[in-house]
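Visitor: Sharing a sequence plus its predicted fold:
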Amino acid sequence: MTWFDEARFYHIYPLGLTGAPHTNDYVLKEHRLRNIFPWVHHIKELNCNAIYIGPLFESVGHGYETTDYKKLDSRLGDNQDLKDFMALCHENKIRVIFDAVFNHVGRDFFAFKDLKENREGSKYRDWFCNVNFYGNNYFNDGFSYDNWGGDDGLVKLNQRNPEVKSYIAEVICYWVKEFDVDGLRLDAADVLDFDYMKAIRQVANEVKKDFYLMGEVIHGDYTRWVNEEHLHAVTNYSMNKALWSGNNEHNFFEIAHTQRRNYDMAGQNPLGLRLYNFADNHDVERIASKVNNKAHQMIIYALCYTLPGVPSIYYGSEFGIEGRKEKGSDWNLRPELNIEDYKDAASKNPLTHGIKILGKVREASLALSYGGYKELLLTNRQYAYRRRLDNENVIVLLNNDDNPAWFNVDAEGIDKYFGCFGEVSVSADNGRINIEIPANSCQILMPEAVFKRFVEDSEAVAAYVDHICEATEAAVDHICETAAEEIVENEIAEETEEAVAEEIAEETEGAVEEVTVEETEEAVTEEIAEDSEAEIDIETLVPRNVSYEEMSIEELQHCIYEKMRNNGPVTPEMKKTITDNVYHDSLVNWVKSFR
């Protein structure tokens with residue numbers, strides 16, 4: 001077991017978050033990195049315990065054209081700022097990994113500047129790939145070289161050169177010594193030389209206990225990179241695509257198929273292929289901009305947190321902010337943010353609060369870090385699976401349909417489960433559990449021992465508001481229904497007064513009598529009191545012959561009960577689920593969902 005198997009990452013692109021200029025003049029004017037310090041409290045509040053931050057080091061533009069590996073980017077501050085940031089994170093028991101750009105450098109890198117000045121006589125000419133003094137480049141240097149991604153501003157390092165390997169090893173040691181970094185995310189790992197990666201892994205094994213190497217890999221057999229000789233983990237891009245398209249197209253089969261393929265690659269062992277799961281990052285459009293239904297964001301994060309691999313949150317996406325690429329630029333994906341603008345998000349923003357709960361769930365259950373995966377149910381719009389470690393089970397239930405759905409799945413030998421979203425408990429019946437999941441929603445079930453760890457020292461788990469976009473409106477409706485009787489009675493009185501007046505007018509051929517508010521209030525109050533004395537039984541209630549929208553809450557509950565009864569026995573627990581739902585709009589959607 002290692003810290004990075006239990007990590008919950010928060011991803012920061014510092015040049016964007018701090019609002020740094022897009023071009024560096026190499027003059028220190030502001031200590032912008034210190035603007036990130038207050039975010040550490042927020043990151044900890046989300047129950048994240050690791051930060052991936054970068055690029056950090058001196059560069060001329062977006063940060064991936066490194067000028068100096070041993071100096072914090074001048075737009076962010078100085079090395080002392082970075083040391084203080086690292087100390088603050090470690091004080092809060094948060095590990096930190098840096099973005100490591102070891103595939104290429106910028107044109108202001110010392111070795112390339114020497115090559116431009118001394119040309120054939122430069123002792124660094126072999127530090128770069130395919131330098132040709134009979135060619136030319138975009139900058140008209142009078143020689144050509146291999147670049148990365150077709151950009152002559154990104155000069156490809158010769159990774160087979162022993163001097164380059166030695167220099168990069170020195171850089172890693174320097175970062176550990178000076179900043180106490182806990183690991184690296186290797187940029188463009190899918191184009192790195194494998195012997196070069198092997199040399200980096202050897203340094204990692206020696207420089208610090210459990211030093212983490214995670215590589216950016218887009219496609220292919222991930223086990224080529226993740227093994228004992230090369231990297232510990234890779235970015236799970238295959239799942240990232242499936243997460244948003246599978247939900248947009250109501251196609252959980254795509255997500256489940258991707259998971260099966262990854263799990264087969266892992267040899268059916270969660271640690272056989274360590275993966276870094278993410279909904280979005282600094283290179284892809286924000287998940288809020290990619291999903292057709294905003295409520296599906298919560299489902300996507302639940303998948304990131306509960307499928308094999310470690311989860312990651314890209315700064316700002318926990319608030320549901322949007323961001324699209326425009327005119328080939330990624331800067332819209334990397335905006336400046338002020339944490340003060342989101343200081344109450346963890347309690348008031350349903351998505352932020354849901355992610356906070358997911359972090360707590362992940363912390364409480366080792367099964368989500370080390371447990372095996374088993375598919376329990378799969379349709380286009382419903383997906384259930386369990387994670388198991390020893391005798392500890394966690395069951396994940398996901399519904400991306402616009403209607404509630406009942407899940408009947410194997411209880412996996414556990415008699416009773418508790419849900420992390422709201423006050424939910426469900427008992428096994430003949431070895432199976434039967435539970436309704438609201439529309440566009442999810443639930444994570446855990447046995448009592450895990451649930452106790454989950455609620456220990458955590459605040460009001462039941463406060464989470466169904467993680468549906470309309471949850472706030474439902475809560476307001478509920479507040480209105482339970483508000484002061486005087487307000488309710490006044491509203492009813494006004495409506496009744498108008499109706500009575502109209503009726504009297506018709507009977508007296510236009511002679512309208514005044515009905516006072518006081519008289520109507522008294523009559524309505526008496527009627528409410530009489531109705532409240534007798535408890536309504538939804539089994540025997542006879543609903544009016546009106547539309548669902550016009551029915552009362554009790555009438556809707558009766559209709560739902562009858563539809564359930566037509567489908568099979570209704571247990572007391574199922575009936576309680578119906579009567580506990582006192583939200584009119586929710587009940588209307590529920591009764592219409594039956595086919």
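Guide: Received, thanks. All values reported here derive from a predicted model rather than from experimental measurement.
Visitor: switch to C-alpha atoms for all contacts and neighbour counts from now on
Guide: OK.
Visitor: What pairs with the helix or strand hosting residue 444, parallel or antiparallel?
Guide: Here residue 444 sits within strand 441-446, counting by DSSP states H and E. As defined by DSSP bridges, the strand partners of strand 441-446 come to strand 392-399 (antiparallel), strand 416-419 (antiparallel).
Visitor: Same list, the ones you listed, but as a markdown table with mean pLDDT, distance to residue 72 and mean neighbour count please.
Guide: As requested, those are arranged in a markdown table below (pLDDT from 0 to 100; distance: least, CA to CA, whole Å; neighbours: other CA atoms under 10 Å):
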| stretch | mean pLDDT | distance to residue 72 | mean neighbour count |
| --- | --- | --- | --- |
| strand 392-399 | 97 | 42 | 25 |
| strand 416-419 | 96 | 45 | 21 |
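Visitor: Could you pull up the residues touching the residue nearest to residue 8 when sequence neighbours are not counted?
Guide: Leaving out its chain neighbours, the residue that sits closest to residue 8 by CA to CA, 6 or more residues apart in numbering is residue 48, at 4.8 Å. By CA atoms under 8 Å, 6 or more residues apart in numbering, the contact list for residue 48 reads 7, 8, 9, 10, 94, 359.
Visitor: now swap in residue 539 and tell me
Guide: Per CA under 8 Å, 6+ apart, neighbours of residue 539: 558, 561, 562.
Visitor: ok, of those residues, which one's closest to residue 285?
Guide: Taking CA to CA as the measure, residue 285 lies nearest residue 561 of the contacts of residue 539, at 43.8 Å.
Visitor: Enumerate every residue touching the closest one.
Guide: 538, 539, 570, 575, 578.
Visitor: So it: helix, strand or coil?
Guide: helix (DSSP: H, G, I helix; E, B strand; the rest coil).
Visitor: gap between it and residue 144?
Guide: 76 Å (CA to CA, to the nearest Å).
Visitor: Residue 68 too?
Guide: Between residue 68 and residue 144 the computed distance is 22 Å (CA to CA).
Visitor: and those two? which has more neighbours close in?
Guide: Set residue 68 next to residue 144 and count neighbours by other CA atoms under 10 Å: residue 144 wins out with 19 against 16.
Visitor: list the contacts for the more buried one?
Guide: Contacts of residue 144 by CA under 8 Å, 6+ apart are 130, 131, 132, 133, 134, 135, 136, 137.
Visitor: do you know how far it is from residue 136?
Guide: Taking CA to CA as the measure, residue 144 falls 5 Å from residue 136.
Visitor: With residue 49 instead?
Guide: If you measure residue 49 against residue 136 using CA to CA, the figure is 48 Å.
Visitor: One more: residue 2?
Guide: For residue 2, the distance to residue 136 equals 49 Å [CA to CA].
Visitor: Of the two, give the one with the bigger neighbour count.
Guide: In this view residue 2 and residue 136 are compared by other CA under 10 Å, and residue 136 has more residues nearby, 14 against 10.
Visitor: Torsion angles phi and psi at residue 12?
Guide: Dihedral pair for residue 12: phi -120, psi 130, per degrees, to the nearest 10.
Visitor: cool, the one 5 residues further on as well?
Guide: Note on residue 17: backbone dihedrals following degrees, to the nearest 10 are phi -60, psi -40.
Visitor: low-scoring stretches of this protein, by residue?
Guide: Scanning the chain for pLDDT under 70 picks out 457-535, 567-569, 571-574, 576-577, 580-590, 592-595.
Visitor: let's see it at 80
Guide: Applying pLDDT under 80 to the chain flags the ranges 423, 456-536, 564, 566-574, 576-577, 580-595.
Visitor: if I look at the spatially most central residue of it, how far off is residue 34?
Guide: Against the mean C-alpha coordinate of the chain, by CA atoms, centre = their mean, the closest residue is residue 301 at 3.5 Å. Going from residue 301 to residue 34 by CA to CA gives 29 Å.
Visitor: picking up where we left off before, can you tell me which of the contacts of residue 48 are in helices?
Guide: Among these, the residues falling in helices (DSSP state H) are residue 359.
Visitor: Widest-spaced pair of the contacts of residue 48?
Guide: By the measure CA to CA, 94 and 359 form the most distant pair in these, at 13.5 Å.
Visitor: Export the strands paired with strand 441-446 as TSV, with columns for distance to residue 85.
Guide: Below are the strands paired with strand 441-446 laid out as TSV (distance: least, CA to CA, whole Å):
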stretch	distance to residue 85
strand 392-399	36
strand 416-419	37
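Visitor: Would you map the strands across the stretch 1-150 of the chain?
Guide: Remark: strands assigned in the stretch 1-150 of the chain by DSSP state E, counting those that start in this stretch are 9-12, 50-53, 57-59, 66-72, 95-100, 104-105, 147-148.
Visitor: neighbouring strands for the third one, and are they parallel or not?
Guide: I take that to be strand 57-59. Strand 57-59 is paired, per DSSP bridges, with strand 66-72 (antiparallel).
Visitor: and the partner strand with strand 95-100, angle?
Guide: Put simply, strand 66-72 runs at 150 degrees to strand 95-100, going by axes from the mean of the first three to the mean of the last three CA atoms, to 10 degrees.
Visitor: hmm, who's touching strand 66-72?
Guide: For strand 66-72, the external contacting residues (CA under 8 Å, 6+ apart) are 56-60, 78-79, 82, 101, 104-110, 171, 174-175.
Visitor: rerun at 7 Å
Guide: Outside of strand 66-72, the residues within contact range by CA atoms under 7 Å, 6 or more residues apart in numbering are 56, 57, 58, 59, 78, 79, 105, 106, 108, 109, 171.
Visitor: wait, which of those is closest to residue 553?
Guide: For the contacts of strand 66-72, the nearest to residue 553 is residue 56 (57.1 Å; CA to CA).
Visitor: you'd agree the closest one is up against residue 75?
Guide: No: when contacts are counted by CA atoms under 7 Å, residue 56 is not listed as touching residue 75 (9.7 Å).
Visitor: Overlap in contacts, the two.
Guide: Both residue 56 and residue 75 lack any common contact, where contact means CA under 7 Å, 6+ apart.
Visitor: ok so, going back, for residue 448, which of the strands paired with strand 441-446 is the nearest?
Guide: strand 416-419 (6.6 Å).
Visitor: related to what we said a few turns ago, dump the contacts of residue 48 into JSON lines; add neighbour count and distance to residue 284 as well.
Guide: Converted to JSON lines, the contacts of residue 48 look like this (neighbours: other CA atoms under 10 Å; distance: CA to CA, whole Å):
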{"residue": "7", "neighbour count": "23", "distance to residue 284": "22"}
{"residue": "8", "neighbour count": "30", "distance to residue 284": "20"}
{"residue": "9", "neighbour count": "28", "distance to residue 284": "17"}
{"residue": "10", "neighbour count": "25", "distance to residue 284": "16"}
{"residue": "94", "neighbour count": "23", "distance to residue 284": "25"}
{"residue": "359", "neighbour count": "24", "distance to residue 284": "23"}
